[in-house]
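**Q** below: sequence and its predicted model.
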Amino acid sequence: MNVDTLREAALVISNSEYLIALTGAGISKESNIPTFRGEDGLWRTYDVMELATPSAFVRNPTLVWEWYEWRQGLISKCDPNPAHNTLVRWEERGLLKTLITQNVDGLHRRAGSTKVLEVHGDLWALKCSFCDYQGRLNKPASGIPACPLCGKHLRPDVVWFGESLDRAIMSQVYTELEKADACIVIGTSALVQPSASFPLIVKQRGGPIIEVNIEKTMLTSAVDFHLSGKAGEILPALDELLT
Ligand code: OAD
């Protein structure tokens with residue numbers, strides 16, 4: 001990593017008035033949570049169509065819940081890493097205004113970030129597949145939870161393939177994107193829309209984009225700074241260089 005590039009990126013962060021961040025599975029990799037498309041990515045082993053679509057849940061809710069139970073168990077044993085913690089510090093300093101995440105692991109909130117918009121939902125939140133009930137799990141599920149109101153199957157309140165994103169959250173996201181004057185994108189392959197386009201909205205309005213990733217992505221050709229390396233190392237290094 002070129003130290004000058006790191007310094008220049010840190011200067012952009014220091015000079016920004018409305019910095020926002022977009023994070024993906026890569027930021028939690030050093031917390032030992034697998035990504036989706038990386039080397040040991042979940043979608044390399046598991047079939048998304050059998051586990052993360054509304055029709056999969058209708059066909060085989062037991063299998064879908066077994067997969068979520070396994071992920072909840074795994075995530076409950078993991079802790080936020082220095083990358084999550086750096087974003088907390090930036091929020092506390094008033095530097096980071098909003099954190100948009102595609103992650104459902106809840107690690108940003110566990111680390112202490114409060115200005116978080118979870119565009120793909122939350123692995124611990126529940127909703128009824130039939131009525132309006134919404135609830136929360138405080139430990140990994142065990143079997144298919146039943147709705148306390150109507151008795152039908154509860155499902156994880158995450159966005160599955162083929163589903164729309166939550167309108168209220170998206171409205172907040174677009175409001176934040178309109179205000180942002182710089183964007184840091186951490187650990188996402190930028191292959192899933194609409195999140196992949198969020199940084200480009202900031203860019204169109206003249207805001208610089210900083211990308212932190214161990215590899216090049218679909219976004220790399222459009223960014224102002226590509227900081228190659230692990231988020232858990234690059235973010236603390238940027239933090240040290242802030243003025
Ligand atoms: P991906 O698995 O597609 O991409 C993870 C990215 O993180 C890759 O670009 C890796 O190079 C990078 N990466 C891995 N380790 C890293 C590290 N230590 N530091 C920095 N970068 C690292 O994950 P997402 O882009 O988050 O959707 O995937 C987007 C969505 O696709 C997910 O939210 C999920 C999935 O299907 C839903 O579940 C709806």
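**A** Cool, got the structure.

**Q** near the ligand, which residues of this structure? Just list them.
**A** Proximity of the chain to the ligand, by C-beta under 6 Å from any ligand atom, involves residues 24-26, 29-30, 35-38, 41, 52, 102, 120, 159, 187-189, 191-192, 212-215, 217, 230-231. The C-beta positions use only the backbone N, C-alpha and C, and glycine is treated the same way.

**Q** now, the residues you listed that are in helices?
**A** Members of these lying in helices (criterion: DSSP state H): residue 231.

**Q** just the buried residues of the residues of the chain next to the ligand.
**A** 24-26, 29-30, 35-36, 38, 52, 102, 120, 159, 187-189, 192, 212-214, 217, 230-231 (16 or more other C-beta atoms under 10 Å).

**Q** identify the bridge partners of residue 136.
**A** Counting by DSSP bridges, residue 136 forms beta bridges with residue 125.

**Q** pick out the residue of the chain closest to the ligand.
**A** residue 26 (2.2 Å; C-beta to the nearest ligand atom).

**Q** check contacts around that residue.
**A** 35, 38, 186-189, 213-214, 231 (C-beta atoms under 8 Å, 6 or more residues apart in numbering).

**Q** flag the least confident of those residues.
**A** Within the contacts of residue 26, residue 38 has the lowest pLDDT, namely 81.

**Q** doesn't residue 45 make contact with that residue?
**A** No: using C-beta atoms under 8 Å, residue 38 makes no contact with residue 45, being 11.6 Å away.

**Q** how about the helices in the chain?
**A** Going by DSSP H, the chain shows helices at 3-15, 42-45, 48-51, 54-59, 61-76, 82-92, 107-111, 167-179, 198-204, 231-241.

**Q** contact partners of the fourth one?
**A** Residues lying outside helix 54-59 but in contact with it, judged by C-beta under 8 Å, 6+ apart, are 49-50, 63-64, 129, 153, 155, 160, 162-163.

**Q** and what of the first one?
**A** Residues outside helix 3-15 that contact it (C-beta under 8 Å, 6+ apart): 19, 90, 95, 182, 184, 208, 210, 224-225, 227, 234, 237-238, 241-243.

**Q** right, I'll call it a day here.
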